[in-house]
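1. Okay, sequence plus prediction incoming.
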Amino acid sequence: MATKYIFITGGVTSSLGKGIICASLGRLLIARGLRVTVQKLDPYINVDPGTMNPYEHGEVYVTDDGAETDLDLGHYERFLSIRTSQQNNVTTGRVYYDVIMKERQGVYLGKTVQVIPHITDEIKSHVLRLGESENFDIVIVEIGGTVGDIESLPYIEAMRQLRYDVGRKNTLSIHLTLVPYLAAAGELKTKPTQHSVKTLSESGLSPDILVCRSEYPLDETIRRKIAQFCNVEIEDVIASLDAESIYEVPLLMQDEGLDSRVIEKLNLPAKNADLVQWKQFIDKIKNPKSETTIALVGKYVEHHDAYKSIVEALIHGGAENDSKVNIKWVQSDYVSDENVSNLLTDVSGILVAPGFGDRGIDGKLSAVKYAREQGIPFFGICLGMQCAVIEFARNAAQMEDANSTEFNESTPYPVIDYMPDQRGVTEKGGTMRLGQYECKLTDGSHAHKAYGKTQIIERHRHRFELNNELRDLLRKNGLVVSGVNPDRDLVEIIEIENHPWFVGVQFHPELKSTVSDPHPLFVAFVKAAKQYASDYSNVKTKENQPV
Ligand code: GLN
């Protein structure tokens, strides 16, 4: 079967949740036995989001092959249980970079290089290459930005052309739009949708299906009006109401018939959807048997998207433990040794987040110390693991002023230091230790128990690493090295003795957690936190008993 392409555009406003709609449609089509992947086209000029700060962009999602990509790829992997790669994320920066390189090499010799056809051809070749790479049945192409933006135009033009290149019957255009409720008028308004569809149609890409985000149900009259003015059939007006959890969106879309319409229009050979596992997961997150509160200590906590995959991995780990994880967001800038017990008194697990630069480090160190001394389950990720090593060195191994050379170049104990191949690297784009690397686990360690095997592969994004010259000194004082990269002898996981669950990982386990495969370390961490909560409540009840 020829690969079919579904283009998803967004209108009226940003933040309508296009990524979740793409991921949900992908989930539904996979559940019907089709081979699906999703691609994100981003209209910004950065070659990738790796150089943007988390306030600007949210989390940078790293794929197996080490690409630094948009966080929507995280949704695709979590919903579809697929692996994505650099091919799944294309930016305007990358497209122009490649075209300019080709121009310098003389590929277009004699020609004037222009947006049409050269930029649009480059965009199309990225889309087609992904489709052909594994002979997918369907590629869902999410076009970033909002219709009407100058930046999106070349993408929309490229999709318009693709409809003819691969045949109209092999493509579908879905437009995600907003149907706002005007309180003063007491009704839902369709005009923004009409305008958005008009703008899209002027670019030659009229939608076949409209997904309408709305805070209220769309009744028959509204649906008919939208259908009539936007040139679609009434069945192609799909309502997308706010959901309690993003994981419910596939089921809501199924109820609205989105997958059926797509299958019919593209004439796809599809079986009935198998969503048994998915529904079991929803049931677990909607009807938890307990609640667990975990502190997420980081410096970008006002901006939850900066920790997107961690939040989702905690949900997955919670579901596996029949527990709802409540996140207590803790701004590390404000944590100190003096207030930490107050700030973290009501949590049963502490997660110290990844990050760059020295802002908020002291607060993170206070949180680590508190977790270590009080026996509270602790999970340190990347910078969080590095903080755990620094704290341990200073306060448990008498290595005064131990630090990472990221924060103090002249520390007497550089327990975290540049990896040798990172020294002297000045270019920022794509130059960290990125992507997946092997790690060997120590028998009997918490990590080994969680994974249930000794050989694992995880994804990385960092420049610094535990300093091997100080490894023995740290070990002598009780730091456990429970995971090591066999090729370069790099420490990837640390634990400490005589603690219920204290694990720091140099990699990013959150990136590989999916609905169907919750990450073992998150499952084990939530389990330990749940245990801590129940032990602690026992102690409390005993304490409260009259003597
Ligand atoms: N800043 C640290 C490093 O570069 C940690 C990075 C991270 O947490 N992703 O090694």
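-> Arrived safely, thanks for sending.

2. Show me which residues of this protein sit near the ligand.
-> Neighbours of the ligand within the chain, by Cβ under 6 Å from any ligand atom: 354, 355, 356, 382, 383, 406, 461, 462, 463, 464. Yep, even glycine has a C-beta here, placed from its N, CA and C like the rest.

3. can I assume the fifth one is in contact with residue 357?
-> Same thing as residue 383. No. With contact defined as Cβ atoms under 8 Å, residue 383 does not reach residue 357; the gap is 9.2 Å.

4. and those two? which has more neighbours close in?
-> Between residue 383 and residue 357, counted using other Cβ atoms under 10 Å, residue 383 has the larger neighbour count: 26 against 11.

5. Contact partners for the more buried one?
-> Residue 383 makes contact with 352, 353, 354, 355, 356, 364, 462 under the criterion Cβ atoms under 8 Å, 6 or more residues apart in numbering.

6. on that earlier part again, most neighbours among the residues of the chain next to the ligand, which one is it?
-> Highest neighbour count within these, by other Cβ under 10 Å: residue 383, with 26 neighbours.

7. Check the offset of the helix ranked longest in the chain from the chain's centre.
-> Determined from DSSP state H, the single longest helix within the chain is helix 520-544. In terms of Cα atoms, centre = their mean, to the nearest Å, the centre of helix 520-544 is set 28 Å apart from its chain centre.

8. now stretch 313-330
-> For stretch 313-330, the distance to the chain centre is 16 Å (Cα atoms, centre = their mean).

9. can you give me the end-to-end distance of it?
-> End-to-end span of stretch 313-330 (Cα to Cα, to the nearest Å): 18 Å.

10. So for that stretch, what gets flagged as buried?
-> 313-321, 323-325, 327-328, 330 (16 or more other Cβ atoms under 10 Å).

11. of all those residues, which two lie farthest apart?
-> Using Cβ to Cβ, the pair of the buried residues of stretch 313-330 lying farthest apart is 320 and 330, separated by 24.1 Å.

12. want to throw the contacts of residue 383 into a markdown table with pLDDT and secondary structure?
-> Listed next are the contacts of residue 383 as a markdown table, based on pLDDT from 0 to 100; DSSP: H, G, I helix; E, B strand; the rest coil:
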| residue | pLDDT | secondary structure |
| --- | --- | --- |
| 352 | 98 | strand |
| 353 | 97 | coil |
| 354 | 97 | coil |
| 355 | 95 | coil |
| 356 | 93 | coil |
| 364 | 97 | helix |
| 462 | 96 | strand |
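
13. Quick check: the farthest pair among these?
-> Across the contacts of residue 383, no pair lies farther apart than 364 and 462, at 15.2 Å, counting by Cβ to Cβ.

14. of all of the stretch 101-250 of the chain, which residue lies closest to the ligand?
-> Proximity of the stretch 101-250 of the chain to the ligand (Cβ to the nearest ligand atom) peaks at residue 144, 23.7 Å away.

15. Tell me the pLDDT of the closest residue in space to that residue that isn't next to it in sequence.
-> Leaving out its chain neighbours, the residue that sits closest to residue 144 by Cβ to Cβ, 6 or more residues apart in numbering is residue 42, at 4.3 Å. Here the pLDDT value assigned to residue 42 is 96.

16. returning to what we had before: give me the contacts around the longest helix of the chain.
-> Under the criterion Cβ under 8 Å, 6+ apart, residues 290, 292-294, 313-314, 316-318, 320-321, 323, 325, 348-349, 351, 375-377, 379, 446-447, 449-452, 500-501, 503, 505, 509-510, 513 lie in contact with helix 520-544.

17. can we see that at 6 Å?
-> Contact with helix 520-544 is made by 292, 294, 313, 317-318, 320-321, 323, 348-349, 377, 379, 450-451, 500-501, 509, 513, as judged by Cβ atoms under 6 Å, 6 or more residues apart in numbering.

18. hang on, residue 158 packs against residue 124?
-> Yes. Using Cβ atoms under 6 Å, residue 158 is in contact with residue 124, at 5.1 Å.

19. Tell me which of these two has more neighbours.
-> More crowded of residue 158 and residue 124, by other Cβ under 10 Å: residue 158, with 28 against 19.

20. what about that one, helix or strand, and which?
-> Secondary-structure element containing residue 158, defined by DSSP states H and E: helix 153-165.

21. where does that helix sit relative to the chain's centre, distance-wise?
-> Computed by Cα atoms, centre = their mean, the chain-centroid distance of helix 153-165 equals 28 Å.

22. now the very next helix or strand once past it and helix 153-165, what's the angle there?
-> The helix or strand immediately downstream of helix 153-165 is strand 171-178, counting by DSSP H and E. Between the axes of strand 171-178 and helix 153-165, defined by axes from the mean of the first three to the mean of the last three Cα atoms, to 10 degrees, the angle is 140 degrees.

23. helices or strands next to strand 171-178 in the packing?
-> strand 4-10, helix 191-202, strand 209-214 (3 or more Cβ pairs under 6 Å, 6 or more residues apart in numbering; DSSP states H and E).

24. Residue 502 is in contact with residue 496, correct?
-> Yes. The pair residue 496 / residue 502 is scored as a contact, 4.7 Å apart, by Cβ under 6 Å.

25. So for those two, which residue has more residues nearby?
-> More crowded of residue 496 and residue 502, by other Cβ under 10 Å: residue 502, with 25 against 19.

26. so which helix or strand takes in residue 391?
-> helix 383-396.

27. Convert the C-alpha atoms of that helix to CSV, please.
-> Extracted C-alpha coordinates of helix 383-396, given in CSV (Å, rounded to 0.1, in the frame of the first residue of the first chain):
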residue,chain,number,x,y,z
LEU,A,383,21.9,17.5,37.1
GLY,A,384,19.9,16.0,39.9
MET,A,385,22.3,13.1,40.1
GLN,A,386,25.3,15.4,39.9
CYS,A,387,23.8,17.4,42.8
ALA,A,388,23.5,14.1,44.8
VAL,A,389,27.2,13.4,44.2
ILE,A,390,28.2,16.9,45.3
GLU,A,391,26.1,16.8,48.4
PHE,A,392,27.4,13.4,49.3
ALA,A,393,31.0,14.4,48.8
ARG,A,394,30.6,17.5,50.9
ASN,A,395,28.5,16.2,53.8
ALA,A,396,29.2,12.4,53.9
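
28. Mind checking the pLDDT average for it?
-> 98.

29. Look up how far residue 151 lies from the residue nearest to residue 144.
-> According to Cβ to Cβ, to the nearest Å, residue 42 stands 9 Å off from residue 151.

30. Would you mind giving both backbone torsions of residue 351?
-> phi -110, psi 120 (degrees, to the nearest 10).

31. For it, the count of nearby residues, please.
-> The burial count for residue 351: 28, using other Cβ under 10 Å.

32. And for residue 477?
-> Neighbour tally, residue 477, other Cβ under 10 Å: 15.

33. pretty sure it contacts residue 399?
-> No. Counting by Cβ under 6 Å, residue 477 sits too far from residue 399 to count as a contact (8.3 Å).

34. so which helix or strand takes in the spatially most central residue of the chain?
-> The residue lying closest to the centre of the chain (Cα atoms, centre = their mean) is residue 74, at 3.4 Å. Residue 74 belongs to helix 72-80 when assigned by DSSP H and E.

35. List of residues touching the next helix or strand after that helix?
-> Sequence order places strand 89-91 as the next helix or strand after helix 72-80, per DSSP H and E. The contact list for strand 89-91, computed with Cβ under 6 Å, 6+ apart, reads 40, 41, 42, 44, 69, 70, 73, 126.

36. Stretch 7-21 too?
-> Counting by Cβ under 6 Å, 6+ apart, 22, 72, 75, 141-143, 146-147, 159, 173-178, 192, 196, 211, 213, 246, 249 sit against stretch 7-21.

37. Those residues, buried ones only, as a ChimeraX selection?
-> ChimeraX command restricting these to the buried ones, with burial defined by 16+ other Cβ under 10 Å:
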select :22,72,75,141,142,143,146,147,159,173,174,175,176,177,178,196,211,213,246,249
